[in-house]
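Novice: Have a look; sequence and predicted model below, questions after that.
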Amino acid sequence: MFQLAIIKDTIPIHPQHFGLAPSDAITGELNKKYANRVLHEVGLCVCVFDLADVGEGRVRYGDGFLWYKVTFRMVVFRPFVSEVVVAKVKSSDEDGIRLSMGFFDDMYIPAIYLPQPCAFDPNERAHFWLPDSPLTSTSDLLDTPTSERMYIDTNEVVRVRVEQDEFYDDEPGPAKVVEGVIQDPAGGVDKGLAGNKRPPYSVVCSIAEQGLGPVVWWNGAQVVEGEEGGMEED
C-alpha cells in the first residue's frame, strides 16, 4: 500500500529557519511542498522518510535564501494491483461505489466489479447482493423482499481488491467551449458550470470474490473440516 520513492529537488531555506538544524529545516520544507500532493506515475505523497543526500547550501544572487540540492525518500500511497485493502463506503450510485481511506477518497468500485447478482436500490441509495439467486434483471432483483438482500451501506467497512490505478495529468488553461457547450477535461460534455475535473489519481477496486465486501459478511466464517472450499457461519 505504501512505497518509498526516491526524489531529487532543490529546496530554499528562509533566513528565519537558519537557527534550525539543516536536516530539520529541509525536511519541513519538503513536507510542505510534497505532502498530500500527487506525483504522476508515482502516487500520493504522504511524508518524507529520510534524507539520502544533502548538498552544501548556497546563496543565490538577489535573495537571502540558502538553496540545497537534496536527494530524499518519500513515503507514497500507491497500492499494487491485486493487493487487498480495507476502506469505508463513502457514497453509492447506479454506476458503482465510492470508497474512502480517510486520507484518500478517490477509490471506486464500478458496477461490473460488484458481486453478482447485484442491483442498486434507489430508495436506500445502496447496492445489495442476493447470494445464490438465479435472478439477473434489475427489475426482478428490486422486487425481492428486503430481508433477503445483503446491503452495502454508507460508512460500512469493506475489504476490496485493487484492480488498477489511474493517473490523469490535467492540462492547465481555461475550459474548452465548443458551440457554447463547456467540454470536460476527458473530452466529453461537462454537466457543471465550473467543470467536472477528473482526480489526478484514482484507484479502481473489486469485491466480486469470496472474502471481499463488507467485513461483517465474513465475520465468523470458517472452513468446515473435511470439506474443501466449504464455509459455515458460527
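Specialist: Alright, I've got the coordinates. Numbers count the residues shown, from 1 in each chain.
Novice: Wait, Ile7 touches Val76, no?
Specialist: No. Between Ile7 and Val76 there is no contact under C-beta atoms under 8 Å: 9.4 Å. Just so you know, the C-beta spots here come from the backbone N, C-alpha and C atoms, and that holds for glycine as well.
Novice: what sits in contact with each of these two?
Specialist: Common neighbours of Ile7 and Val76, using C-beta atoms under 8 Å, 6 or more residues apart in numbering, are Leu39.
Novice: check contacts around Gly102.
Specialist: Lys88.
Novice: So it: helix, strand or coil?
Specialist: With DSSP: H, G, I helix; E, B strand; the rest coil as the basis, the three-state label of Gly102 is coil.
Novice: tell me what the biggest helix by length in the chain is packed against?
Specialist: The longest helix of the chain (DSSP state H) is helix 22-34. For helix 22-34, the packing partners by 3 or more C-beta pairs under 8 Å, 6 or more residues apart in numbering; DSSP states H and E come out as strand 2-13, strand 43-54, strand 66-77.
Novice: angle of that helix against strand 43-54?
Specialist: Orientation of helix 22-34 against strand 43-54 (axes from the mean of the first three to the mean of the last three C-alpha atoms, to 10 degrees) gives an angle of 160 degrees.
Novice: And the next helix or strand past helix 22-34?
Specialist: The element immediately downstream of helix 22-34 (helix or strand, assigned by DSSP states H and E) is strand 38-39.
Novice: Quick one: residues in contact with that following strand.
Specialist: Contacts of strand 38-39 (C-beta under 8 Å, 6+ apart): Ala5, Ile7, Leu44, Cys45, Val76, Phe167, Pro200, Tyr201.
Novice: Skipping its backbone neighbours, what lies nearest Tyr168 in space?
Specialist: Arg198 (4.6 Å; C-beta to C-beta, 6 or more residues apart in numbering).
Novice: where does the one you found land on pLDDT?
Specialist: Listed pLDDT for Arg198 reads 84.
Novice: do you know how far it is from Phe72?
Specialist: To Phe72, Arg198 is 29 Å away according to C-beta to C-beta, to the nearest Å.
Novice: Give the residue from those two that has the larger number of neighbours.
Specialist: Phe72 (21 against 14; other C-beta atoms under 10 Å).
Novice: For Met74, list each beta-bridge partner.
Specialist: Using DSSP bridges, the beta-bridge partners of Met74 come out as Ala5, Val48.
Novice: Count the neighbours of it for me.
Specialist: 24.
Novice: Which pLDDT value belongs to it?
Specialist: At Met74, pLDDT is 96.
Novice: Who are the contact partners of it?
Specialist: Leu4, Ala5, Ile6, Ile7, Leu30, Tyr34, Cys45, Val46, Cys47, Val48, Phe49.
Novice: Looking at these, which is nearest Met150?
Specialist: Distance to Met150 across those (C-beta to C-beta) is lowest for Val46, with 34.4 Å.
Novice: List the contacts of that closest one.
Specialist: Phe2, Ala35, Asn36, Met74, Val75, Val76, Phe77, Phe103.
Novice: Now the buried members of these.
Specialist: The neighbour-count criterion (16 or more other C-beta atoms under 10 Å) marks Met74, Val75, Val76, Phe77 among those as buried.
Novice: which non-adjacent residue is nearest the last one?
Specialist: Okay, so that is Phe77. Going by C-beta to C-beta, 6+ apart, Phe77 has Leu44 as its nearest residue, at 4.3 Å.
Novice: List the residues that contact that neighbour.
Specialist: Each residue near Leu44 by C-beta under 8 Å, 6+ apart is listed here: Asn36, Arg37, Val38, Val76, Phe77, Arg78, Phe104, Tyr201.
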